[in-house]
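Trainee: got a predicted model here, sequence first, then my questions.
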Amino acid sequence: MTVLFVTGTGTEVGKTVVTAAVAALATGPVAVLKPGQTGVAPGEAGDVAEIRRLTGRELTTVELARYPEPLAPDTAAARAGMPTVAPDQVATAVAELAARHDLVLVEGAGGLLVRYDAAGRTLADMALATVALGVPVSVLLVATAGLGTLNTTALTAEALRHRGLPLHGVVVGSWPQHPGLADRCNLTDLPSVAGAPLLGALPHGAAASGGPQFRAVARSGLAPALGGDWDVTRFTAQWSA
């Protein structure tokens, strides 16, 4: 049993696509949990629906709360007059899923320290609450490729270390078709500032197709530690020339 909390260096960095890619390559039963979905009205398809579309496989998907406005979960909940999601609630749901699945993926909203309630509790608090139930977790960080990513990656890694949460690795959520100098240099610098391996780089537009096509993209874009055959040494050498 493996539990991965998927977070990002910010919003719109490719967390949902990376979550789907990891789920698509898993060999056993997989569950995907979204603690709080924002910017989606009742009845509209959210991130878990997108993950089902991309993977084209049988998944257990759970969404604990959704709020209509595209804001941080605590603000979105307050403006909608709706209840927030507590870390213990998430931890209980993760533990129940972990008992029945080989892999549980928990996709956060925005970055690691985005607030989910008025008390300022975050995805990190949810991960810690899960550990307190005796369920080991690690964190997968989705980062951007270009300028600014080293700072946000380093800050996230430092926050995880401060809380005693292990960082499984970093994945570039959207590798540009024509990477610039900063993008190429960051392939070497990202694992250094993160203190964790670079475990993949999914190409820009990876979410265009689902099912077998998406699984092929996932396999070529994720390292063996995540079920793929992407090689960081070969990829870095290709773009450093």
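Mentor: Nice, thanks for sending it over.

Trainee: residue ranges for the strands of this protein, please.
Mentor: 2-8, 30-34, 37-38, 60-63, 66-67, 103-111, 138-143, 167-175, 198-203 (DSSP state E).

Trainee: output the fourth one as CSV, restricted to C-alpha atoms.
Mentor: Only the C-alpha atoms of strand 60-63 are listed here, as CSV (Å, rounded to 0.1, in the frame of the first residue of the first chain):
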residue,chain,number,x,y,z
THR,A,60,-12.2,4.7,-6.9
THR,A,61,-12.6,8.4,-6.8
VAL,A,62,-13.7,10.5,-3.8
GLU,A,63,-14.4,14.2,-3.6
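
Trainee: ok, and for it, which residues are buried?
Mentor: Neighbour-count burial for strand 60-63, counted by 16 or more other C-beta atoms under 10 Å, picks out 61-63. C-beta: built from backbone N, CA, C; applies to glycine.

Trainee: show me what that strand is packed against.
Mentor: strand 30-34, helix 47-55, helix 87-98 (3 or more C-beta pairs under 8 Å, 6 or more residues apart in numbering; DSSP states H and E).

Trainee: redo that, cut-off 7 Å
Mentor: If contacts are counted by 3 or more C-beta pairs under 7 Å, 6 or more residues apart in numbering; DSSP states H and E, strand 60-63 sits against strand 30-34, helix 47-55.

Trainee: now the fifth one
Mentor: Helices and strands touching strand 66-67, by 3+ C-beta pairs under 7 Å, 6+ apart, are helix 73-80.

Trainee: please apply the same query to the last one.
Mentor: In terms of contacts (3+ C-beta pairs under 7 Å, 6+ apart), strand 198-203 is packed against helix 15-25, strand 167-175, helix 181-194, helix 212-221.

Trainee: looking at the ones you listed, spot the one closest to Ala154.
Mentor: Ala154 lies closest to helix 181-194 among the helices and strands packed on strand 198-203, at 4.2 Å (C-beta to C-beta).

Trainee: let me know the angle separating the closest one from strand 167-175.
Mentor: Orientation note: helix 181-194 sits at an angle of 170 degrees relative to strand 167-175 (axes from the mean of the first three to the mean of the last three C-alpha atoms, to 10 degrees).

Trainee: now helix 181-194: buried residues?
Mentor: So, applying 16+ other C-beta under 10 Å, buried residues of helix 181-194: 183-187, 190-191, 193-194.

Trainee: what about the chain, any weak spots by pLDDT?
Mentor: Along the chain, segments meeting pLDDT under 70 span 1, 241.

Trainee: count of neighbours near the closest residue to Thr130 other than its chain neighbours?
Mentor: Closest residue to Thr130 apart from its sequence neighbours, by C-beta to C-beta, 6 or more residues apart in numbering: Ala91 at 4.2 Å. As a burial measure, Ala91 scores 22 neighbours (other C-beta atoms under 10 Å).

Trainee: thank you kindly, that will do.
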